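1. Provided below for reference: sequence and predicted model.
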Amino acid sequence: MATILPSPPRVGMVSLGCPKALVDSERILTKLRADGYQMSPDYAGADVVLVNTCGFLDSAKEESLEAIGEAIAENGRVVVTGCMGNDADIIRARFPSVLAVTGPQQYDAVVAAVHEAAPPVPNAYLDLVPSANVGPGVKLTPRHYSYLKISEGCNHRCAFCIIPSIRGDLVSRRPDAILREAEKLVAAGTRELLVISQDTSAYGLDLKHAAWPWKGEPVRAHMTDLARELGNLGAWVRLHYVYPYPHVDRVIPLMAEGLVLPYLDIPFQHASPKILKAMKRPANEARVLERIGQWRDLCPEIAIRSSFVVGFPGETEEDFQYLLDWLTEARLDRVGAFRFEPVEGAAANALPDPVPEEVKEQRYARIMELTARISAEKLAAKVGSTLDVLIDAVDGEGATGRSKADAPEIDGEVHLRDAGHLNPGDIVRVTIEDADEHDLFGVAVAG
């Protein structure tokens, strides 16, 4: 007589916010899968729905509240976690039927709340499988790229940011643990590792850059050592959220050697010394333009992306023009801009001389026009060249991928014709035939 196994409970997940929150979602789902839960792709099939919230900006909080409301309306059994979990009173006041609210990184508390809402089914067969034996874990990204979180929290106290109050001070992972995770991801099919944290340059500072053994050799908890070892695993390695501390200069040779992608994501935020001081930004005294020139001399193909805030309190037309002039000289490859938005609990809210909303809009339009023009010029210069491209999607006879200068979701793409034979995760040589302000167009090189 066949044994009929009990049906395990199903969990749905809504994950909002940054890649760091996405990694949190992956860890939560990995633990739940190890406990016997199945994943539901929709509200209707879920016994409980998890909403991983973002609480960085007021607009992000409102988006989180809307997501919670939708989950309650569609399912009714909702557990809330993530950065907005620190505002549990606000969440419960608006949605008293929420089953539980936990803060960021509280994995055990989230799992316990799910256990209570939809208890796991005891199973003599499944319960014999150790929970740690779950391979690389649940992934919410495509199989061929993975986010690799190397630390939590941040030691800076930027005037516009509340991340330290949400996620705490810097807590770095041991390098051997990071490398072990990365090795498993690569073995499971990851072609690109995207290194993330709140401040990648500060990695290991709390550990006093101590060393741990890896493959018989000591590896320091330091950005350069970690980058070098990750580069030896055979996947693309992309560094995000890199503050321009002096030791970043030592990563550029690794890019020139091909161990790390020639790509730096540096959150400059502004260029005016007065505004940087008001923002309480670290490393604002660095000779950034001079160093960018040195990086390009050493590694000519390096791509630099950054984000900037316009309309910060006290920003004058002179400050903004300083930023535009700086960008004209820096000629960064990828730029994102944000209008300043007050965040509850941020020190910047108390600063004098707020910038009117209509002025913010005008400045936002001007910075985007300038940076789009620079991007178009830099991409046009690539027409006729041949680049390595990682394929993300194949559709009919075409395909979409990314060059080494493009991170997923935030940068441009490379669109290929006559590429129906390719598969996601392939890395191919592509001859660039055309370009616009953001993307490249080309054809895969035969053979």
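-> Looks like it arrived, so ask away.
2. what about the nearest residue to A221 once chain neighbours are set aside, neighbour count?
-> Spatial nearest neighbour of A221, excluding adjacent residues (Cβ to Cβ, 6 or more residues apart in numbering): G204 at 3.1 Å. C-betas here are computed from N, CA, C, even on glycine. For G204, the neighbour count with other Cβ atoms under 10 Å is 23.
3. touching, G204 and I178? I think so.
-> No: G204 is not in contact with I178 according to Cβ atoms under 8 Å; the separation is 10.3 Å.
4. what's across from V195 in the sheet?
-> L148, L239 (DSSP bridges).
5. so what's the residue count around it?
-> Counted with other Cβ under 10 Å, V195 comes out at 24.
6. next, the contact list for it, please.
-> 148, 150, 226-227, 230, 237-240 (Cβ atoms under 8 Å, 6 or more residues apart in numbering).
7. separation between it and E318?
-> 37 Å (Cβ to Cβ, to the nearest Å).
8. for A117, same thing?
-> 56 Å.
9. between those two, which has more neighbouring residues?
-> A117 (18 against 9).
10. quick one, phi/psi of that one?
-> Backbone torsions of A117, given as degrees, to the nearest 10, read phi -70, psi -40.
11. wait, it touches L99, no?
-> Yes: in this structure A117 lies within contact range of L99 using Cβ under 8 Å: 5.0 Å.
12. excluding its backbone neighbours, what's nearest F340?
-> F340 sits nearest to G311 (Cβ to Cβ, 6+ apart), 4.3 Å away.
13. ok, now M368?
-> A337 (5.9 Å).
14. what's opposite the one you found in the beta bridge?
-> With DSSP bridges as the rule, A337 is bridged to F308.
15. and it, what does it touch?
-> A337 touches 307-310, 364, 367-368, 371, counting by Cβ under 8 Å, 6+ apart.
16. just V430 next, same as before
-> 386-389, 401, 403, 414, 416, 442-445.
17. change it to 10 Å
-> Listed by Cβ atoms under 10 Å, 6 or more residues apart in numbering, the contact set of V430 reads 385-389, 391, 399, 401, 403, 414-416, 419, 440-445.
18. from the residues you listed, keep the buried residues only.
-> 387, 389, 391, 399, 401, 403, 414-416, 419, 440-442, 444 (16 or more other Cβ atoms under 10 Å).
19. tabulate those in a markdown table, adding columns for distance to L16, secondary structure and pLDDT.
-> Formatted as a markdown table, the buried ones among the contacts of V430 follow (distance: Cβ to Cβ, whole Å; DSSP: H, G, I helix; E, B strand; the rest coil; pLDDT from 0 to 100):
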| residue | distance to L16 | secondary structure | pLDDT |
| --- | --- | --- | --- |
| L387 | 33 | strand | 97 |
| V389 | 30 | strand | 98 |
| I391 | 27 | strand | 97 |
| A399 | 29 | strand | 96 |
| G401 | 26 | strand | 97 |
| S403 | 28 | strand | 98 |
| V414 | 28 | strand | 97 |
| H415 | 28 | strand | 97 |
| L416 | 31 | strand | 97 |
| A419 | 33 | coil | 94 |
| L440 | 30 | strand | 98 |
| F441 | 32 | strand | 98 |
| G442 | 34 | strand | 97 |
| A444 | 36 | strand | 95 |
